[in-house]
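*Asks:* Sequence first, predicted model second:
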Amino acid sequence: MTVTENVYFDTENLIEGRTSKLTYKGALATPSTSEIYVHYGFGLLWENIQEIKMDKVDDETYETEIILAPSFDSISFCFRDGENNWDNNDAKNYTAEISKEEVTLAKTESVAIDVPRLKRSYLIAKKLKITFYKIITYLPRAFSGTFKRKAKD
């Protein structure tokens, strides 16, 4: 997205919550400039103001990445160098619109899974094994009287 001839973002649309690369090739970007900062805020009132030092790509190009805050419809920014010279677009500042992220809902389908039922003979055999185990475990206690003694204690 081109803001002016010398200031542009790397994407066509700025979307809230995402990171976008800002490139500056303006009046402050000269071979003698050692550092440039971008000073920015969100919305018309410049909320959430921040300043980031830009990376020097070549003698006349500086770049940085900006995280676009959610809940704002625009970003306003200007630039300054290390000697406190400002480029604020002739006192108008640079601005760009921020789009809301579109959310699309995916349609889900429920799929029936055929679960094989256990055979009746297997279930009966399982119940018989459990019953037989209980008889073997508890029947000797019932005849020996240990059941009664434990119940009285």
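*Replies:* All right, it came through fine.

*Asks:* For the strand or helix carrying residue 48, enumerate its sheet partners and note whether each is parallel or antiparallel.
*Replies:* Using DSSP states H and E, residue 48 sits in strand 47-53. Applying DSSP bridges, strand 47-53 is found paired with strand 36-42 (antiparallel).

*Asks:* With adjacent residues omitted, what lies nearest to the residue most central in space within the chain?
*Replies:* Nearest to the geometric centre of the chain sits residue 17, at 8.5 Å (Cα atoms, centre = their mean). Using Cβ to Cβ, 6 or more residues apart in numbering and skipping residues adjacent in sequence, the residue nearest residue 17 is residue 70, 4.8 Å away. C-beta here means a position set from N, CA and C on the backbone, and glycine is covered the same way.

*Asks:* Quick check: what element follows the strand holding residue 48 along the chain?
*Replies:* strand 55-58.

*Asks:* Run the chain-centre distance for the helix or strand following that following strand.
*Replies:* Tracing the chain C-terminally past strand 55-58 and defining elements by DSSP H and E, one meets strand 61-67 next. Remark: strand 61-67 is offset 21 Å from the chain centroid, using Cα atoms, centre = their mean, to the nearest Å.
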